[in-house]
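In: A predicted structure for the sequence below; I have some questions about it.
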Amino acid sequence: MSNSKFIRIAEVIEQKIESGEFPPSSKLPTHRLLAEDLKTTPATVAKAYKLLSDKGCLESFIGRGTFVRASSKLDKAIQATDQETDFNFSILQPCLEKNLSALKSAYKQAAELLTPSVIGYAEHSGHKAHREAGIKWVNKYGLKGATEENILLTNGAQHALSLIIETITKPGDTILVEQLTYPGILAIANLSNRRVVGVELDEYGLCPNALSSAIDEYSPTMIITIPSHQNPTGISMPESRKKEIAKIINEKKIWLVEDDIYCFLDDEPVAPIANFAPDYTFHISSLSKAISPAMRCGYLKSPDSQVTALNASIRTNIWLASPINFIVATLLIESGDAFQIATQQRIIANERQKMVREIYPSIEFNSSGYHIWLPLPEHWQPDRFAMEAKSRGIIITSGSYFCANNKSTKYIRLSLMSIGSKERLRDGLHELQKLLHSDLNSFFPY
Ligand SMILES: Cc1ncc(COP(=O)(O)O)c(C=O)c1O
């Protein structure tokens, strides 16, 4: 029990941060003072502070003390760690070791292709050859209608999302999202003062009826959906559901953002919603999940009517996405290597999905692509579970970071891809299983 006291203290502090009682940049009491208050030892308080610092909630400065770190939920949901001893289940990225040699050789080749024109300023929509490669990438996974004009180069999908939100909507506007969604979308809305409203999901994704009613009730400017291998629920929309959503979009004449970053994980391409509602849909894809997030290469197909506005925003914000990385992207796409790498990652993901089903045979959960959406036993609450796991060197993402409507959820998200070796993944899943089965939480009946 004493081993977990610091977790309990950390939890209380985190709740105070969440509620605003401890605002960003405020100073926390010294270890000694808080220990006196809580009738514990300074060492226990120090452990609680360390846990919260590792989680990105606090930061300490020698001689000045410990402060609440100004951070978004996104930082907490996705925790990059350098500690190889950790089992990190929080990052949705490809198995990078597998892609390293192809990337090294493409960057070497790219170095030979640098010319004064490539290393200079280019027009905001980037070089023609790089946009043509983007068309090949999106065509392969079923998108129709991409042209050299309407395909834009972005610094990854996150940039595309913020670009669209900033350009197409205004502060105070309402955006409809899936009731459980990628925290990066919630973070952009929060930062830019857009209101988000979550729309119900069923086993096929966004519910058409709920979507129609929410459009009538909230008069949103935009809807954002992740149709394939949805983050976090793992749901994929079949084509029939995509057509239903497209019908609503066309009838109500409302903007749709289709974040299709996981589409390459489908065994056979499923036509995106953009094919059925091209005048209103912004279709986003990126190489982050198939090849490497560090390349920051995204492709955004815009409705023709919005191309000029988006290009102007790109010019204002970043001038242009780095052509140097797009040389590499283009080499990989033109040679076919990009597609092979994507297929290999899909195969790895499928193997790992099989492994997790073997290890957790008695739990019913949604699993798809790179991750699983795991329900917790009744006695566990996801934030507390995440903290307890973290103290054991297991990093998972609490379901609470994905809730658009601030409703509670009893789930956690586990990436199956951020641990490089299969054996370590297996060990990590077993370690996590011990915690799932432990009734440690019952010591704290509040
Ligand atoms: C649904 C979704 N969209 C966008 C992103 C960000 O992608 P990128 O690295 O291309 O910016 C992620 C990353 O996890 C994601 O899950």
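Out: Now that the structure is in, tell me what you want to look at.
In: pLDDT of stretch 387-406, averaged?
Out: Stretch 387-406 carries an average pLDDT of 91.
In: ok, now stretch 230-247?
Out: Average pLDDT, stretch 230-247: 97.
In: Now do the helix ranked longest in the chain: which elements does it pack against?
Out: Secondary structure of the chain per DSSP state H: the longest helix is helix 337-359. When contacts are defined as 3 or more C-beta pairs under 8 Å, 6 or more residues apart in numbering; DSSP states H and E, helix 337-359 packs onto helix 96-112, helix 323-335, strand 366-368, helix 422-437. Heads up, the C-betas are built off the backbone N, CA and C, glycines and all.
In: secondary structure class for T409?
Out: coil (DSSP: H, G, I helix; E, B strand; the rest coil).
In: Chain neighbours aside, what residue packs nearest to it?
Out: G399 (3.9 Å; C-beta to C-beta, 6 or more residues apart in numbering).
In: ditto for R357
Out: S367 (7.1 Å).
In: What residues are bridge-paired with that neighbour?
Out: For S367, the beta-bridge partners under DSSP bridges are I372.
In: what's the burial count for it?
Out: For S367, the count of nearby residues is 20 (other C-beta atoms under 10 Å).
In: Let me know whether it touches R352 as I believe.
Out: No: using C-beta atoms under 8 Å, S367 is not in contact with R352; the gap is 9.4 Å.
In: what pLDDT does the residue in the stretch 1-150 of the chain that the ligand sits nearest to get?
Out: In the stretch 1-150 of the chain, the residue that lies nearest the ligand is L92 (4.6 Å; C-beta to the nearest ligand atom). The model reports L92 with a pLDDT of 95.
In: Neighbours of the residue lying closest to E97 once chain neighbours are set aside, how many?
Out: Distances taken as C-beta to C-beta, 6+ apart put G420 closest to E97, at 5.1 Å, once the chain neighbours are dropped. Residues near G420, counting by other C-beta under 10 Å, number 14.
In: For G420, give me its contacts.
Out: The contact partners of G420, by C-beta atoms under 8 Å, 6 or more residues apart in numbering, come to C95, L96, E97.
In: Just the angle for the strand or helix carrying M387 relative to helix 422-437, thanks.
Out: Using DSSP states H and E, the element containing M387 is helix 382-391. Angle, helix 382-391 to helix 422-437, by axes from the mean of the first three to the mean of the last three C-alpha atoms, to 10 degrees: 130 degrees.
In: Average pLDDT for stretch 163-182, rounded please.
Out: 97.
In: Give me the distance between that stretch and the centre of its chain.
Out: In terms of C-alpha atoms, centre = their mean, to the nearest Å, the centre of stretch 163-182 is set 15 Å apart from its chain centre.
In: Flag every buried residue along it.
Out: By 16 or more other C-beta atoms under 10 Å, the buried positions in stretch 163-182 come out as 163-169, 173-182.
In: go on, stretch 376-393?
Out: Taking 16+ other C-beta under 10 Å as the criterion, stretch 376-393 shows 376, 380-391 as buried.
In: Near the ligand, list only the ones from the buried residues of stretch 163-182.
Out: The residues of those that also fall near the ligand, by C-beta under 6 Å from any ligand atom, are Y182.
In: Drop everything from the buried residues of stretch 163-182 that is not in helices and list the rest.
Out: With DSSP H as the criterion, helices contain L163, I164, I165, E166, T167, I168 from among these.
In: interface residues of the protein facing the ligand?
Out: Going by C-beta under 6 Å from any ligand atom, the residues of the chain near the ligand are 92, 156-158, 182, 184, 226, 231, 259, 261, 286, 288, 293, 298.
In: Which of those residues fall within helices?
Out: Using DSSP H, the subset of these located in helices is G156, A157, Q158, G184.
In: Identify the farthest-apart pair in those.
Out: G156 and G184 (10.0 Å; C-beta to C-beta).
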